[in-house]
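Peer 1: below is the sequence, then the predicted model.
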Amino acid sequence: LICLSAGTCWYLFRTMFKVDLHTHSSLSRDGGLTKKQYKSILDNAVLDFVAITDHNETKFARELQQELGEKIIIGEEIRSVDGEIVGLYLTKTIQQGLSAEDTILQIHNEGGLVYIPHPFERGRYSLQESKLKEIIGDVDIIEVFNGRGFLRGKQDDALQFGEGNGIAMASSSDAHCIQGIGTAFSIVSQIPKKSNLSSLLKKGRAQKKYAPFYSYFCPSVNRIKNSIFLSKND
Ligand SMILES: [Zn+2]
C-alpha cells in the first residue's frame, strides 16, 4: 500500500468515484455555491470530484483548488458566439465572445478538455446540431443529462448524438445552489484526471435525476440577491 499523502490511501481501494463536471460558485452573478458548501460536499462524499464552471471566470475555482487540491477541477462555462462551451482542467480564464472553433482552440492550447453543456437546447444559450457536427472532432465530452434540464432538456438527442459519434458522455447538475447538488453526476471507476477522464466516462455510469424543482429558481434568486448586494457596494 502506497500513500501519496495523508488521506489519499483509501482511494486505492475504491472503484467508484462520483464526479460532477458542471457547477457554479457564488462568484457568478447567478451562481450560488460557497467555499464552505463545496468543502462539505467533498467532506461528506456527496461527490468525490467537482468541477467549478463559472460563467467566463475561473478565479473561484483556482482559489479553491489551492485550498482543497485535485478534488476541485478548474473549469469555465465560456460564452462563444455559437453557444456556451465548457473548458475543464484549465489553468487560466479563457476569453469569451469568440467563435466555437476559436474557443475550443484556446481550451486545447491551455491543455484543457472541451465539454459541451446542454446541447441542442433552445431556452438556454446552447450549441446547435449544425455547429456541433462541424466541431465534433475536437469535442472531448458531451453533456447528455443536465440536472436543471427538466422540460427544456434535449437529453435524448444528446444521448443519440454522443453514442453516434463515440464521444464520452456525462451527467451533471449545473447546480447554482446546494439543493441542486447530488442528483445528477457521473460515476467512474478510477480517480479522474485530465488524461483519463474521457476514457473513464466512456465505460462509466450516469446518475440521472433532476434536482428538486425549487432549485431551478436558484439562478434567478441569486441574480436578484447579488444585484442588491453588488449595488450596495457600488
Ligand atoms: Zn451552467
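Peer 2: Perfect, thanks for sending it. Residues are numbered from 1 along each chain as shown.
Peer 1: now the strands for this protein?
Peer 2: 17-23, 49-55, 72-80, 83-88, 113-116, 141-146, 168-172, 184-188, 205-208 (DSSP state E).
Peer 1: can you list the weak-confidence ranges in the chain?
Peer 2: Applying pLDDT under 70 to the chain picks out residues 1-12, 150-152, 214, 226-234.
Peer 1: so how far is the ion from residue 174?
Peer 2: 4 Å (CB to the ion, to the nearest Å). In short, each C-beta sits where N, CA and C put it, glycine included.
Peer 1: same question, residue 217
Peer 2: 15 Å.
Peer 1: which residues of the chain lie near the ion?
Peer 2: 77, 174 (CB under 5 Å from the ion).
Peer 1: try it again at 8 Å.
Peer 2: Within the chain, the positions lying close to the ion (CB under 8 Å from the ion) are 22, 23, 24, 53, 55, 77, 84, 86, 117, 118, 174, 176.
Peer 1: reformat the strands of the chain into TSV and put distance to residue 132 and mean neighbour count next to each item.
Peer 2: Listed next are the strands of the chain as TSV, based on distance: least, CB to CB, whole Å; neighbours: other CB atoms under 10 Å:
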stretch	distance to residue 132	mean neighbour count
strand 17-23	17	25
strand 49-55	19	25
strand 72-80	12	24
strand 83-88	9	25
strand 113-116	7	25
strand 141-146	8	26
strand 168-172	13	26
strand 184-188	20	25
strand 205-208	19	16
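Peer 1: mind checking those for the one nearest to residue 99?
Peer 2: Closest of those to residue 99 is strand 72-80, at 6.2 Å (criterion: CB to CB).
Peer 1: how about the strands of the chain in CSV, adding distance to residue 216?
Peer 2: Shown next, in CSV, are these (distance: least, CB to CB, whole Å):
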stretch, distance to residue 216
strand 17-23, 15
strand 49-55, 17
strand 72-80, 17
strand 83-88, 18
strand 113-116, 21
strand 141-146, 11
strand 168-172, 15
strand 184-188, 13
strand 205-208, 16
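Peer 1: the helices in the chain, which residues?
Peer 2: Using DSSP state H, the helices of the chain run over 35-43, 59-68, 100-109, 129-135, 155-165, 197-202, 218-233.
Peer 1: hmm, who's touching the third one?
Peer 2: By that I understand helix 100-109. Helix 100-109 is contacted by residues 78, 80-83, 85, 87, 90, 94-95, 98, 113-114, 127, 131, 134-135, 138-139 when judged by CB atoms under 8 Å, 6 or more residues apart in numbering.
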